[in-house]
Structure formats: C-alpha cells, structure tokens
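Colleague: no sequence on hand, only this structure:
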C-alpha cells in the first residue's frame, strides 16, 4: 500500500508542488550531513506554504527546524517584511539549516535560535517577539503539550497552530501505548479539545512519508 501512496504522492507533487534546485540541494545537504529523514514531503511543504499565505502571516514560529526544509517552504509564503523564528535543539542540525537558508537566499527572513525549545520559548516571550500569526510544532512529541501552552501565550485571536505527526501510523488511538511520543500526541489532542480558546481539527495524510497527519487549531 505504501508503494501506491508514494506513487500518488509523486503524481500530485510533480504537478502541484514541483521541486526546484534549491529544495533538492537542501534535501541533499540534509542527507549528506546524516540528518534523520523526517522532513515534510513536498506536498506537505506546499500545504504549509499555503497556510502561511492564507493567514497572511507576517510572524511565524516553528518549533523544530531540523535542516530547514519546512522552514524554507513557509518562508516562501510570507507576506512582505515577514519573518520566521525557528527553534532547533541540535547544534549540528542548526548548522546545516543555516547553510540551507543561505543557499535559498532566505537568511534575512529567518531567525534561527539554538537550544531546547522549552528554554528558548520563555526568552521569546520576555523579548516580546510575538505575537505570532502561525505556529508550526514539529519537534519532540512528548513535549507537545508544553509547546501548545507556549503557542497559546505567543499567539493572538486569528492565529493558526499546527502540530505535525499526530497520527503515528494509527498508534494515536492506543490509550495503553507505552511510547512517550504517542502519549505526548494524545495529551496534545486532549488539550486541543479542552481549550476554549481553540477550534481544532485533524487531517490524516498518506504518501511518501507513510500514514500520519496534522492537527490544526484556530485561536478564537
């Protein structure tokens, strides 16, 4: 089945989210540096770009940079003068991402902060870096509930909060799972449902990245 999903993914990506030399070089640099292949797919990258455009976002917060592939997709959708603040815990990943941003010609639109996000986020609040129009959470899943709490502090009514990798091959429905990533996503989902300031939904995705999905919430 994954083979069929991947073929369909390629069909739509070739037509709706075609790659280019910059994106290909970013993926190649990530692979050459030994980064884990956890980047979003091209169609998912285009989806994120469209969300940035639809919200007319000028301030975007990304929690989890990896090599910067998703960051570049979102930066391409920014309104004039817009900026992305992206947080990465791993210095090696951050070094690769910085070089990728230079190749993409987007360094002037991207503010990369290195360190554990739960240490960096209070500094953003203290420096009055927000509010952000869109927050993309794509880091360690056990911390998703904490990231959501910070996203609520750093956004405003009308902001969009997106959580990646929430389906986890269907494991999200297993209440007895001992996987802390699954439990982090389950608690994150419960908080989305319980928080009166949020209207949320989830989208399952299949394709070259397997079976997974996004959760999205509008701050009201």
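Modeller: All right, it came through fine. All figures in this text were calculated on a predicted structure; none of them were measured in a lab.
Colleague: give me the next element, helix or strand, following the worst-scoring helix or strand of the chain on mean pLDDT.
Modeller: For the chain, counting by mean pLDDT, DSSP states H and E, helix 2-16 ranks last in confidence among helices and strands (a mean of 90). Later in the chain than helix 2-16, the nearest helix or strand by DSSP states H and E is helix 21-32.
Colleague: can you list the residue ranges for strands in the protein?
Modeller: In the chain, the strands defined using DSSP state E lie at 59-63, 83-88, 110-114, 132-137, 155-164, 198-207, 210-219.
Colleague: can you tell me which of the ones you listed is nearest to residue 35?
Modeller: When these are compared by C-beta to C-beta, strand 83-88 sits nearest residue 35, at 10.9 Å. The C-beta positions use only the backbone N, C-alpha and C, and glycine is treated the same way.
Colleague: redo the strands of the chain as TSV? Include mean neighbour count, distance to residue 44 and mean pLDDT.
Modeller: Compiled in TSV, the strands of the chain are given as follows (neighbours: other C-beta atoms under 10 Å; distance: least, C-beta to C-beta, whole Å; pLDDT from 0 to 100):
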stretch	mean neighbour count	distance to residue 44	mean pLDDT
strand 59-63	27	14	98
strand 83-88	24	16	98
strand 110-114	19	19	98
strand 132-137	25	11	99
strand 155-164	20	8	98
strand 198-207	16	7	96
strand 210-219	20	8	97
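Colleague: including distance to residue 175, could those strands go into TSV?
Modeller: As requested, the strands of the chain are exported to TSV (distance: least, C-beta to C-beta, whole Å):
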stretch	distance to residue 175
strand 59-63	26
strand 83-88	30
strand 110-114	35
strand 132-137	22
strand 155-164	19
strand 198-207	17
strand 210-219	17
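Colleague: residues near residue 40, how many?
Modeller: 23 (other C-beta atoms under 10 Å).
Colleague: so what's it scoring on pLDDT?
Modeller: With respect to pLDDT, residue 40 scores 96.
Colleague: contact partners for it?
Modeller: 48, 69-70, 73, 138, 164, 209 (C-beta atoms under 8 Å, 6 or more residues apart in numbering).
Colleague: now do residue 129
Modeller: 85, 154.
Colleague: ok, how many other residues are close to residue 193?
Modeller: Based on other C-beta under 10 Å, the number of other residues close to residue 193 is 10.
Colleague: in the sheet, who's paired with the spatially closest residue to it that is not a sequence neighbour?
Modeller: Counting by C-beta to C-beta, 6 or more residues apart in numbering, residue 193 lies nearest to residue 200, which is 7.0 Å off, once chain neighbours are set aside. Residue 200 has these beta-bridge partners by DSSP bridges: residue 217.
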